[in-house]
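**Student:** 3D, please:
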Amino acid sequence: MRCIRIFVENYAVMKRVFVALFVVLSAMIVSCGDYVSYTSTARVNGVELFYAVEGRGKPVILLHGNGGSHNDLETTTRQLAQAGYRVYAIDSRGQGANEPLDEYHYKDMAEDVYQFILLEGLHQPAVFGFSDGGIVALQLEVMYPGTLSAIATGGANIFVEDALVPEFAEWFHSQPDPSPLTRMMMVEPNMSVEDMASITIPALIMAGDNDLISEEHTRLIGESIPNGEVLIVEDADHGSYIYHDLRAGNYLLEFFKRIGY
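**Tutor:** Model prediction:
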């Protein structure tokens, strides 16, 4: 009976010690680079960002397209994680699991990702961005050169004029009551060829052969980056090689292997 009484009296203390040890051991596992899978939120640049982490190894950040979420890139996330990378898939400000906003700007989103990198202590991660996510990746490296090790984009543009294929551009700009996210796309981004020339890290600039972004604009981006390369994906539209498709992940893995990342 005395042993039982001692156990009951000290149970709360023992429980706290156990929890503390569990937290420490969990942190040690993560710091040692073991495989992890979790979701969390980060407070950066005045907004809360939901994100998911998967895998072990060198960091790769994934950025989704306009109005989407990190779930849009779940196939690519799984491929990269299984190949030995630690993937950080972020819901961009005001999208996905985050609270919507009344106004959006690509430079704000780039600042969000930059502060996220600092908060997480990531050393020169690679970034793959689809559509808006690609714009954000390019804008980030223009704003903060040397932050990234490599950039890959799918269906991105660097300015508005003549970036879209004509038939889509006509419909897009005729919308009578655009949402805040759509209004942003109508007037941004505002980067230049000179901005692209300032990016010195390796870059893979992709688009589908039936993309909403013109092939000419895609080639302009890739050919303006000193270490850039262009990939026009056959039999693909704006996102068909990315949404629940293995092609984007395969292209990324080949790219990372070529550049030694």
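**Student:** quick one, strands of this protein?
**Tutor:** All strands of the chain, identified by DSSP state E, fall at 36-44, 47-55, 58-63, 85-90, 126-130, 150-154, 203-208, 228-233.
**Student:** now do the domain split for the chain, please.
**Tutor:** Domain assignment for the chain by automatic domain parsing gives 1-32, 35-259.
**Student:** same list (the ones you listed) but as TSV, adding mean pLDDT and mean neighbour count.
**Tutor:** Placement of C-beta: from N, CA and C, glycine included. Below are those laid out as TSV (pLDDT from 0 to 100; neighbours: other C-beta atoms under 10 Å):
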stretch	mean pLDDT	mean neighbour count
domain 1-32	42	10
domain 35-259	97	19
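**Student:** now do the residue nearest to Asn71 when sequence neighbours are not counted against Lys58, distance only.
**Tutor:** Residue nearest to Asn71 in three dimensions, not counting chain neighbours: Gly96, with 7.5 Å by C-beta to C-beta, 6 or more residues apart in numbering. Applying C-beta to C-beta, to the nearest Å, the value for Gly96 to Lys58 is 24 Å.
**Student:** and Glu111, by the same measure?
**Tutor:** Glu111 is 23 Å from Lys58, by C-beta to C-beta.
**Student:** how about Asp211?
**Tutor:** Counting by C-beta to C-beta - Asp211 and Lys58 are separated by 29 Å.
**Student:** do Phe128 as well
**Tutor:** Phe128 sits 13 Å away from Lys58, going by C-beta to C-beta.
**Student:** can you check Met186 too?
**Tutor:** Remark: distance between Met186 and Lys58 (C-beta to C-beta) = 37 Å.
**Student:** Leu246 now?
**Tutor:** Per C-beta to C-beta, Leu246 is found 20 Å from Lys58.
**Student:** try Glu170
**Tutor:** From Glu170 across to Lys58, the span is 43 Å (C-beta to C-beta).
**Student:** then Ala126?
**Tutor:** From Ala126 to Lys58 the distance is 7 Å (C-beta to C-beta).
**Student:** need the overlap of contacts for the two.
**Tutor:** Common neighbours of Ala126 and Lys58 (criterion: C-beta atoms under 8 Å, 6 or more residues apart in numbering): Tyr261.
**Student:** so what's Ile90 closest to, chain neighbours aside?
**Tutor:** When the adjacent residues along the chain are set aside, Ile90 lies closest to Tyr51, with 4.4 Å between them (C-beta to C-beta, 6+ apart).
**Student:** which strand residues bridge the one you found?
**Tutor:** Beta-bridge partners for Tyr51, by DSSP bridges, are Ser40, Ile90.
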